[in-house]
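Engineer: Here is my input, please return the structure:
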Amino acid sequence: MMRRLFALVTLGIFLCGCLPTSQPPDPTKTPRAFLTITPQADVQVLPKTNRPNILFILTDDLDADLGTINYMPHLQELLVSQGLTVDDFFISEPLCCPSRSTLLRGQYTHNHQVYRNDMPYGGFEQFYTLKNESSTLATWLQAAGYRTALFGKYLNGYPFPEDRSYVPVGWNEWYSASKGSPFAGFRYTMNENGKQVDYAETGQGGESQYMTDVLSRKAADFMQRAGAAHVPFFAYLSTYAPHEPVKPAHRHEALFPDLKAPRGGSFNEADVSDKPANLRNDPLLTDEQIKQMDLEYLLRVQAMQAVDEMIAHLVTILKETGQLDNTYIIFTSDNGYHFGQHRLPAGKATPYEEDIHVPFIVRGPDIKAGSTLQGYITGNVDFAPTIAELAGVMPPGYVDGRSMVKLFSAEPPPVSDWRSGYLLEFYGYNETGANPNAAAPVPAPAPEYLGLRTTQYLYVEYSDGFVELYDLKTDPYEMNNFAATADKALLDNLSKWLHTLYACKGKQCITFDQGIAK
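Structural biologist: Presented below is the predicted three-dimensional model:
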């Protein structure tokens, strides 16, 4: 099983972004029984004057540790220099659809039950079949009077092949690719509030149809209209960049000609004898493999230039419409990415820092410009309750995460009052031949690994019994797995803590993420 995990890392990157084929449904099969999903009345809207706008910019597979955002000057000037950078923000399952489900619901994977990127264990259809759409950030904020809109990528496998006009509840406006090649930038169709709109141009003359630019214009128009109507907005702007296959805008294709993937840290690690069996047997990366990684890294940086321009455009629109001072702008990614670390080819889904650690930057009212938060373990499970508090909404009791709002202040609470451990889960990619049209949820697949990221350690248990333990204070690149020589009491405590968190639900998770009694 573990061999399949890492062997499929690279292949799964493409699967993470795949859309249903454009072929019509097979008339010999039973038509899908569509569910009626209505918002749950499971939130309490608190009294609040002047609710802030929220612009959420979610990128796809963007690294925090490999320097991509260093090539984004508008991001640095308008968000980093004017906001708060949260240094220790992690993804509980570094795979697209499970992570995005966590962002929308504030739950760990074992609770929202979207385990993988497609059916029968995950994807959009699993989220839909479980009726998770009945209670998300969108429905919560809509209940508080927000005008909500989604731009770009939703959940893997969206939409239904037989209903490409489907719009989930909670969204006042909807602009998401329904077929074609949105990851490649051109030749795609968008579901725009139930209407199918084709974007077919690919050449220089079709630059205006480049996906990131289209999303930028639509988000700007939405914010302008919301401002004119004097209604608070929640804009969920989810770019397809820099996901594989990477296609920069034509205007950026000649930039950074000498750029290469970073070579530091654990890149092409010389000794992997302490790693899981399949990595332990991997040869060193070849020159050709490294050359390919250099090319992909370059394309990713180039593709993010349009996202950088989008940030500048949207900040300008907010300023011109008088909304900037009352808008929170949040920038992050659904998971990280690795390029050659521990001899791994380009990909994600491992428990290592490159894959679980992502950028998190927030600018907005009362946030100190140019500030940095260090030492507080935060993550995607915290995003939904954080937005809820900013909007004046008390989220449902099923939420596993913590609101980060008190960490945004100039004087955050003591680190000892915050979480000291974050749960990591991974359930693999779907088995070959799995039925993508399963009509009902299926039992949970067994995790391929479970992990715990603490303020000092990365502790991981694999399905074959192998254990990894790294002291991140002395070994930040995770080169020395000392599980074989670690104190037994330490291992026992970490294992017990891990499995307690893995079984947690709702407020239990907030209790157990600070540790357990030894």
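Engineer: Helices of the protein, start to end?
Structural biologist: Applying DSSP state H to the chain gives helices spanning 2-7, 9-16, 73-75, 96-105, 109-112, 123-129, 137-143, 211-228, 277-280, 287-320, 353-356, 383-391, 488-502, 507-512.
Engineer: From the contact counts, what lies against the longest one?
Structural biologist: Contact analysis of helix 287-320 by 3 or more Cβ pairs under 8 Å, 6 or more residues apart in numbering; DSSP states H and E lists strand 53-59, helix 73-75, helix 211-228, strand 327-333 as its packing neighbours. Any C-beta I mention is one placed from the backbone N, CA and C, and that applies to glycine too.
Engineer: how about it: buried residues?
Structural biologist: Residues of helix 287-320 classed as buried by neighbour count (16 or more other Cβ atoms under 10 Å): 289-290, 293-294, 296-315, 317-318.
Engineer: Give me the distance from that helix to the chain's centre.
Structural biologist: 17 Å (Cα atoms, centre = their mean, to the nearest Å).
Engineer: now that helix and strand 327-333, what's the angle there?
Structural biologist: Helix 287-320 and strand 327-333 are oriented at 170 degrees to each other (axes from the mean of the first three to the mean of the last three Cα atoms, to 10 degrees).
Engineer: now helix 287-320: mean pLDDT?
Structural biologist: Average pLDDT, helix 287-320: 98.
Engineer: next one: the first one
Structural biologist: For helix 2-7, mean pLDDT rounds to 38.
Engineer: likewise the last one?
Structural biologist: Averaging pLDDT along helix 507-512 yields 96.
Engineer: Stretch 351-366 too?
Structural biologist: Here the average pLDDT along stretch 351-366 is 98.
Engineer: same check, this time on stretch 222-238
Structural biologist: For stretch 222-238, mean pLDDT is 98.
Engineer: now the end-to-end length of it.
Structural biologist: Taking Cα to Cα, to the nearest Å, stretch 222-238 runs 15 Å from one end to the other.
Engineer: What are the buried residues along that stretch?
Structural biologist: For stretch 222-238, using 16+ other Cβ under 10 Å, the buried residues are 222, 223, 226, 227, 232, 233, 234, 235, 236, 237, 238.
Engineer: Leaving out chain neighbours, which residue sits closest to the third one?
Structural biologist: Translated: residue 226. Closest residue to residue 226 apart from its sequence neighbours, by Cβ to Cβ, 6 or more residues apart in numbering: residue 233 at 3.9 Å.
Engineer: my guess is that neighbour meets residue 222, correct?
Structural biologist: Yes: if you go by Cβ atoms under 8 Å, residue 233 and residue 222 touch, sitting 6.9 Å apart.
Engineer: okay, and the common contacts of the two?
Structural biologist: 147, 149 (Cβ atoms under 8 Å, 6 or more residues apart in numbering).
Engineer: And the helices of the chain: which comes nearest residue 156?
Structural biologist: helix 96-105 (4.1 Å; Cβ to Cβ).
Engineer: Report all helices and strands that that closest one contacts.
Structural biologist: Short answer (3+ Cβ pairs under 8 Å, 6+ apart): helix 96-105 packs on helix 109-112, helix 123-129, helix 137-143, helix 383-391.
Engineer: need those helices in TSV with distance to residue 252, can you?
Structural biologist: Below are the helices and strands packed on helix 96-105 laid out as TSV (distance: least, Cβ to Cβ, whole Å):
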stretch	distance to residue 252
helix 109-112	35
helix 123-129	30
helix 137-143	32
helix 383-391	29
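Engineer: where does the stretch 351-500 of the chain dip in pLDDT?
Structural biologist: Low-confidence segments of the stretch 351-500 of the chain, defined by pLDDT under 70: 431-442.
Engineer: show me where it has strands.
Structural biologist: Under the criterion DSSP state E, counting those that start in this stretch, strands of the stretch 351-500 of the chain are mapped to 360-363, 371-373, 378-379, 393-394, 421-426, 449-454, 457-462, 467-471.
Engineer: Using a markdown table, please lay out the helices of the chain together with distance to residue 184.
Structural biologist: As requested, these are exported to a markdown table (distance: least, Cβ to Cβ, whole Å):
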| stretch | distance to residue 184 |
| --- | --- |
| helix 2-7 | 25 |
| helix 9-16 | 11 |
| helix 73-75 | 23 |
| helix 96-105 | 17 |
| helix 109-112 | 29 |
| helix 123-129 | 20 |
| helix 137-143 | 28 |
| helix 211-228 | 8 |
| helix 277-280 | 31 |
| helix 287-320 | 10 |
| helix 353-356 | 23 |
| helix 383-391 | 28 |
| helix 488-502 | 38 |
| helix 507-512 | 38 |
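Engineer: How many residues are close by residue 258?
Structural biologist: When neighbours are counted by other Cβ atoms under 10 Å, residue 258 registers 6.
Engineer: Burial check on residue 49, number of neighbours?
Structural biologist: The burial count for residue 49: 5, using other Cβ under 10 Å.
Engineer: try residue 479
Structural biologist: For residue 479, using other Cβ under 10 Å, the count is 17.
Engineer: Quick one: residues contacting it.
Structural biologist: 266, 269, 271.
Engineer: And for residue 187?
Structural biologist: Applying Cβ under 8 Å, 6+ apart, the residues near residue 187 are 180, 181, 199, 200, 202.
Engineer: Is it possible to get those out as TSV so that each row also shows pLDDT?
Structural biologist: Output for those, formatted as TSV (pLDDT from 0 to 100):
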residue	pLDDT
180	94
181	90
199	95
200	85
202	66
